[in-house]
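Engineer: Make a model of this:
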Amino acid sequence: MQDGRKTAAGRYPLLDTIRGATLAVMVVYHALWDAVNLGGGELAWYDGWQGFVWQQSICWSFILLSGFCLHLSRRPLRHAAKVFAAGLLVMAVTALATPADAVRWGILTFLGGAAAVTAAARPLLERVPPLPGAAVCAVLFALTRKIDEGLILGAAVMPEWLYRNDLTAFFGFPPHSFSSTDYFSLLPWIFLFWVGWFLFPVWKDRAVLRRGAVRPLMFLGRHSLFLYLIHQPVLYGLLCAAAYLKL
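Structural biologist: Numbers count the residues shown, from 1 in each chain. Presented below is the predicted three-dimensional model:
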């Protein structure tokens, strides 16, 4: 759809296209993760800084876009509950299927939790001017980037009693025994989420969001939650099929 109108249900083509593109890149990244970590493949660059930068670029894109798009949700708390529940499903399934590589407090539980906190705090957040709000949140994100390790700006200043159990891990205070193949806690990531949230009112030319449609990517973007939930089982099935055919 490229005629300058919004898509159905108040969607914007450009946002769906970006979300779909990010999802497609994430599927490729996870396909390589499966091949390396489950299939025994070797990719030196994937485990190096190049792979880390790639993984972080995907996560940052999803988080910023999710914060930006929360303004478009008619029922943000309902949306938050749905995404959080999907994250809990991922936690349960991976704990049963691959306990050694289970997801605990992954990207979906974070996005659901961040959306719920933002919806609850919206009256306060709306009192903050958008550009200063985005700038302050970017600084806070940088300062707290390593809070899961007890560090603020590289200094160990967080009290150890905060890092108690799996529940505190959700907020950003994991115990030493905590492990997860996909971990995104409220702190520090909610500050990055809020950068996206504050940037929405700054975007003056909404007409741009109605352009740039790429239909296949728009389809992926519109069904991103469902596709996220099924992509790893599909990839794992393909990996098993490939291994079987080699026998």
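Engineer: Ignoring the adjacent residues along the chain, who's closest to the residue nearest to the spatial centre of the chain?
Structural biologist: The residue lying closest to the centre of the chain (Cα atoms, centre = their mean) is Ile107, at 4.2 Å. Counting by Cβ to Cβ, 6 or more residues apart in numbering, Phe184 is the residue found nearest to Ile107 once chain neighbours are left out, at 5.0 Å. Just so you know, the C-beta spots here come from the backbone N, C-alpha and C atoms, and that holds for glycine as well.
Engineer: likewise Ser73?
Structural biologist: Of all residues not flanking Ser73 in the chain, His79 sits nearest, at 4.8 Å (Cβ to Cβ, 6+ apart).
Engineer: tally of neighbours for that neighbour?
Structural biologist: 21 (other Cβ atoms under 10 Å).
Engineer: does it sit in a helix or strand, and which one?
Structural biologist: Taking DSSP states H and E as the definition, one finds His79 inside helix 76-97.
Engineer: which helices and strands does that helix pack with?
Structural biologist: Here helix 76-97 touches helix 107-125, helix 224-246, going by 3 or more Cβ pairs under 8 Å, 6 or more residues apart in numbering; DSSP states H and E.
Engineer: closest one to Pro216 among these?
Structural biologist: helix 224-246 (12.2 Å; Cβ to Cβ).
Engineer: tell me what the closest one is packed against?
Structural biologist: Contact here means 3+ Cβ pairs under 8 Å, 6+ apart; on that basis helix 224-246 packs against helix 13-33, helix 76-97.
Engineer: returning to that earlier point: mind checking how far the residue nearest to the centre of the chain is from Leu225?
Structural biologist: Going from Ile107 to Leu225 by Cβ to Cβ, to the nearest Å gives 11 Å.
Engineer: Mean pLDDT per element in this protein, and the minimum belongs to which helix or strand?
Structural biologist: strand 155-156 (a mean of 78; mean pLDDT, DSSP states H and E).
Engineer: So what's the residue count around Leu220?
Structural biologist: Neighbours of Leu220 (other Cβ under 10 Å): 20.
Engineer: Please name the residues that touch the nearest residue to it once chain neighbours are set aside.
Structural biologist: Distances taken as Cβ to Cβ, 6+ apart place Gly20 nearest to Leu220, at 3.3 Å, with adjacent residues excluded. Counting by Cβ atoms under 8 Å, 6 or more residues apart in numbering, Gly20 touches 214, 216-222, 224.
Engineer: hmm, back to that, with Arg206 as the reference, name the closest of the helices and strands packed on helix 76-97.
Structural biologist: Of the helices and strands packed on helix 76-97, nearest to Arg206 by Cβ to Cβ is helix 107-125, at 20.0 Å.
Engineer: List the contacts of that closest one.
Structural biologist: Residues from elsewhere that reach helix 107-125, judged by Cβ under 8 Å, 6+ apart: 59, 62-63, 66-67, 70, 73, 76-77, 79-88, 90-91, 133, 170, 182, 184-186, 189-190, 193-194, 197-198, 225, 228.
Engineer: same thing but 7 Å
Structural biologist: Helix 107-125 is contacted by residues 59, 62, 66, 70, 76-77, 79-81, 83-84, 86-88, 90, 182, 184-186, 189-190, 193, 197 when judged by Cβ atoms under 7 Å, 6 or more residues apart in numbering.
Engineer: For PyMOL, what selects the buried ones among these?
Structural biologist: Here is the PyMOL command that selects the buried residues among these (16 or more other Cβ atoms under 10 Å):
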select buried, resi 59+62+66+70+76+79+80+83+84+86+87+90+182+184+185+186+189+190+193+197
